[in-house]
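S.K.: structure of the sequence below:
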Amino acid sequence: MTGSNTPVSKSSRRKFLTGSAVAAVAGVAAPAVAQSQGPVSMRFQSTWPSKDIFHEYAQDYARKVNDMTGGDLKIEILPAGAVVPAFGLLDAVSKGTLDGGHGVLAYHYGKQTALALWGSGPGFGMDANMLLAWHRYGGGKELLAELYASIGANVVSFPYGPMPTQPLGWFKKPITKVEDLQGIKFRTVGISIDVFQGMGAAVNALPGGEIVSAMDRGLLDAAEFNNASSDRVLGFADVSKVCMLQSYHQNAEQFEIMFNKGKYDALPEKMRAIISYAVDAAGQDMSVKAIDRYSKDYAELQSKDGVKFYKTPDAILKRQLEVYDDVVKKKAGENPLFKKILDSQIAYAQRTTQWEQDTVVSRRMAYDHYFGRNAAAKKI
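M.R.: Numbers count the residues shown, from 1 in each chain. Predicted coordinates for the structure are as follows:
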């Protein structure tokens with residue numbers, strides 16, 4: 001045996017150094033071999049036409065993930081209908097036909113009515129940000145997981161992207177009273193189907209890309225979709241020049257980013273963390289982009305497209321709330337999970353809306369001061 005003071009021959013030393021070099025190279029090469037499989041690719045579909053700003057939001061999310069992972073995860077976003085119809089997204093993602101998707105929970109209303117509580121209604125006085133707060137911190141996340149499990153949906157869901165209050169809709173003439181809704185053929189989705197039916201309308205739920213053509217062919221008398229940018233690019237101004245603003249039917253809605261659970265669980269933990277943080281980043285980006293784009297298109301719908309906007313009368317808004325209460329009471333009686341989610345939302349809304357109403361100043365006075373008849377802004 002060679003001791004610490006035993007001379008080492010040049011030949012032995014060369015063998016030792018050569019072996020060390022091989023070991024070092026092997027240590028460096030091992031991760032490279034593990035990574036040689038290349039990036040993970042995922043195919044998503046949105047529930048929106050490619051020209052809609054909503055599809056752009058889906059692409060924005062994918063781009064954030066792709067950039068933050070350095071290309072190790074590549075999400076491709078396809079428009080509605082590329083693989084499945086818009087209302088078929090949940091089934092396609094759950095089965096693995098698609099790796100994921102971008103849409104809204106109300107589109108799954110036919111699978112389980114309680115899914116529409118994530119945005120298809122007045123939110124008990126909450127806005128979309130507050131409803132997302134309930135989802136994230138008030139128990140909604142756990143309830144949604146329970147809800148999806150109850151229908152066997154093999155998905156991981158990320159609600160995000162709080163939407164501004166949506167218009168009552170596009171009509172042939174201004175709606176001045178509740179009776180004006182009687183018998184009209186109207187498009188909406190989610191619990192709003194039941195609400196508008198309760199107000200006398202004949203409702204047809206259609207995906208966004210099919211609404212304008214249905215109005216043009218006389219299959220619909222009126223319809224709601226979402227916002228000035230979507231409505232303008234989808235061509236609502238070509239079939240109607242009257243839009244009623246403000247409504248409780250979708251006062252607190254948000255988007256949903258959905259992954260097939262098996263595909264999501266198979267991803268490395270670091271990649272799953274990036275996916276989650278990208279949801280937050282995309283939600284904030286969407287919120288500020290919406291302010292910029294919606295306001296521009298709102299102005300151009302009036303100045304270039306000849307659209308007249310009217311505020312929905314308070315009598316109609318009040319009736320919406322009354323009918324909504326009847327609808328959810330009935331569904332809570334039929335569906336224990338619906339009632340569980342409803343009770344959770346109401347308790348959270350009571351606390352948070354009290355705080356908001358007491359602390360947040362109305363901006364109407366400031367708006368009137370700067371841009372009203374005696375606008376101070378003109379003097380500054």
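S.K.: phi and psi next, for the residue most central in space within the chain.
M.R.: Against the mean C-alpha coordinate of the chain, by C-alpha atoms, centre = their mean, the closest residue is residue 255 at 0.5 Å. Phi and psi for residue 255, reported as degrees, to the nearest 10, are phi -90, psi 170.
S.K.: do the same with residue 235
M.R.: phi 90, psi 20.
S.K.: how about the nearest residue to it, chain neighbours excluded?
M.R.: Leaving aside its sequence neighbours, residue 235 sits nearest to residue 212 (C-beta to C-beta, 6 or more residues apart in numbering; 4.5 Å). Any C-beta I mention is one placed from the backbone N, CA and C, and that applies to glycine too.
S.K.: what of residue 287?
M.R.: Closest to residue 287 by C-beta to C-beta, 6+ apart is residue 162, at 6.3 Å.
S.K.: the one you found and residue 139, how far apart?
M.R.: 18 Å (C-beta to C-beta, to the nearest Å).
S.K.: show the contacting residues for the residue nearest to the centre of the chain.
M.R.: Residues counted as contacts of residue 255 (C-beta atoms under 8 Å, 6 or more residues apart in numbering) are 54, 57, 102, 103, 104, 159, 160, 161, 163, 286.
S.K.: let's see that with 10 Å instead.
M.R.: 46-48, 54, 57-58, 61, 102-105, 119, 128, 158-163, 279, 282-283, 286 (C-beta atoms under 10 Å, 6 or more residues apart in numbering).
S.K.: tell me where this protein has helices.
M.R.: 10-35, 53-68, 89-95, 128-137, 140-150, 192-198, 211-216, 228-234, 261-265, 269-303, 314-334, 336-359, 364-371 (DSSP state H).
S.K.: in TSV, list those along with mean pLDDT.
M.R.: Listed next are the helices of the chain as TSV, based on pLDDT from 0 to 100:
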stretch	mean pLDDT
helix 10-35	40
helix 53-68	98
helix 89-95	98
helix 128-137	98
helix 140-150	98
helix 192-198	96
helix 211-216	97
helix 228-234	97
helix 261-265	98
helix 269-303	98
helix 314-334	97
helix 336-359	98
helix 364-371	92
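S.K.: tabulate the ones you listed in CSV, adding columns for distance to residue 250 and mean neighbour count.
M.R.: Listed next are those as CSV, based on distance: least, C-beta to C-beta, whole Å; neighbours: other C-beta atoms under 10 Å:
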stretch, distance to residue 250, mean neighbour count
helix 10-35, 45, 10
helix 53-68, 14, 21
helix 89-95, 18, 21
helix 128-137, 9, 20
helix 140-150, 17, 17
helix 192-198, 6, 23
helix 211-216, 14, 19
helix 228-234, 13, 23
helix 261-265, 28, 15
helix 269-303, 14, 16
helix 314-334, 11, 16
helix 336-359, 15, 15
helix 364-371, 22, 11
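S.K.: including distance to residue 76, could those helices go into JSON lines?
M.R.: As requested, these are exported to JSON lines (distance: least, C-beta to C-beta, whole Å):
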{"stretch": "helix 10-35", "distance to residue 76": "21"}
{"stretch": "helix 53-68", "distance to residue 76": "7"}
{"stretch": "helix 89-95", "distance to residue 76": "14"}
{"stretch": "helix 128-137", "distance to residue 76": "27"}
{"stretch": "helix 140-150", "distance to residue 76": "24"}
{"stretch": "helix 192-198", "distance to residue 76": "32"}
{"stretch": "helix 211-216", "distance to residue 76": "26"}
{"stretch": "helix 228-234", "distance to residue 76": "22"}
{"stretch": "helix 261-265", "distance to residue 76": "13"}
{"stretch": "helix 269-303", "distance to residue 76": "15"}
{"stretch": "helix 314-334", "distance to residue 76": "37"}
{"stretch": "helix 336-359", "distance to residue 76": "33"}
{"stretch": "helix 364-371", "distance to residue 76": "43"}
